[in-house]
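Colleague: Have a look; sequence and predicted model below, questions after that.
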Amino acid sequence: MPGGRLTQQERRQIALGLADGLAYAEIARGLDRPTSTITREVMRNGGPTAYRADVAHRATERRARRRGQAAHPGSEAPPQAHGRDAEAVREYEEVFTTVLVQSGLARMMSRVLVCLYTTDAGSLTASDLARRLQVSPASVSKAIAFLESQGLVRRERDERRRERYFVDDDVWYQSMMASARSTAHLGDVARQGVDVLGAGTPAATRLENIGRFVDFVSESIARAAEQAREVLHTKPESTPDGTA
């Protein structure tokens, strides 16, 4: 199985495979590459619908140059705990960031959130974030302000009076409930159009159906979030020897 970075020709084959509707595993077999390599490559470069071979190749070269420029004393990445592969962690963070960007979150906000989520402590200071992401404190401050306004992070002062930013285990529950409320509001607005357009007319019927559909979806989201909430607080089970 070949190693090293993907070539430009391999990226073109990936693009052709995606255009033909092939699964990642099938594309990987054709290139004699691990499926995880193809998955990371596609997700960090726009996803299956937006992947472009030449654009992905140039983006990879830019990332490699930035890493090379940052590789001088005092700017090394922090050592990885638990024997983690630093390159694999970096690639995973890029994939996670891309997914959040595709969901509508701005890139810097996504990078900060991913940095917090992939930190064992679940909290970092502004200087920690600036150093890890190699960005200015102002960029971190702006991202944190937005994330806090959305309830995605919270801040506390530690014993040294420094502000620390946390991601709560409950944040995804709160996010899903907010989504359910937003969806329910859409249904309310759709039903308002029934009286305006006249009950029984084609347009009013269409809006009534939208309202009923949206009601079902929002109620399902809220119910599922309530039922699954405890999963967010589940701790890994340990064996007698102390391993997870």
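Modeller: Noted; the coordinates are in hand.

Colleague: So, low pLDDT: which residues of the protein?
Modeller: Counting by pLDDT under 70, the chain has low-confidence residues at 1-3, 65-79, 236-244.

Colleague: so where do the helices sit in it?
Modeller: Counting by DSSP state H, the chain has helices at residues 8-19, 24-31, 35-43, 53-70, 86-102, 107-117, 126-133, 137-149, 171-197, 202-228.

Colleague: Serialize these to TSV and add fields for distance to residue 234 and mean neighbour count.
Modeller: In this view, the C-beta of every residue, glycine as well, is placed from N, C-alpha and C. Compiled in TSV, the helices of the chain are given as follows (distance: least, Cβ to Cβ, whole Å; neighbours: other Cβ atoms under 10 Å):
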stretch	distance to residue 234	mean neighbour count
helix 8-19	35	17
helix 24-31	29	17
helix 35-43	25	20
helix 53-70	35	13
helix 86-102	20	16
helix 107-117	16	21
helix 126-133	27	18
helix 137-149	24	16
helix 171-197	13	15
helix 202-228	10	15
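
Colleague: mind giving me JSON lines with the ones you listed and columns for distance to residue 159?
Modeller: What follows is those, written out as JSON lines (distance: least, Cβ to Cβ, whole Å):
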{"stretch": "helix 8-19", "distance to residue 159": "49"}
{"stretch": "helix 24-31", "distance to residue 159": "47"}
{"stretch": "helix 35-43", "distance to residue 159": "39"}
{"stretch": "helix 53-70", "distance to residue 159": "31"}
{"stretch": "helix 86-102", "distance to residue 159": "29"}
{"stretch": "helix 107-117", "distance to residue 159": "20"}
{"stretch": "helix 126-133", "distance to residue 159": "16"}
{"stretch": "helix 137-149", "distance to residue 159": "20"}
{"stretch": "helix 171-197", "distance to residue 159": "24"}
{"stretch": "helix 202-228", "distance to residue 159": "35"}
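
Colleague: The ones you listed: which one's closest to residue 161?
Modeller: helix 126-133 (13.1 Å; Cβ to Cβ).

Colleague: Extract the C-alpha trace of the closest one and format it as PDB.
Modeller: Taking C-alpha atoms only, helix 126-133 is exported to PDB below (Å, rounded to 0.1, in the frame of the first residue of the first chain):
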ATOM      1  CA  ALA A 126      -7.300  32.700  25.500                       C
ATOM      2  CA  SER A 127      -3.500  32.500  25.400                       C
ATOM      3  CA  ASP A 128      -3.700  28.700  25.100                       C
ATOM      4  CA  LEU A 129      -6.100  29.000  22.200                       C
ATOM      5  CA  ALA A 130      -4.000  31.700  20.400                       C
ATOM      6  CA  ARG A 131      -0.800  29.600  20.800                       C
ATOM      7  CA  ARG A 132      -2.400  26.300  19.700                       C
ATOM      8  CA  LEU A 133      -4.200  27.900  16.700                       C
END
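
Colleague: quick revisit: and of the helices of the chain, who's closest to residue 158?
Modeller: Judging the helices of the chain by Cβ to Cβ, what sits closest to residue 158 is helix 126-133, at 11.5 Å.
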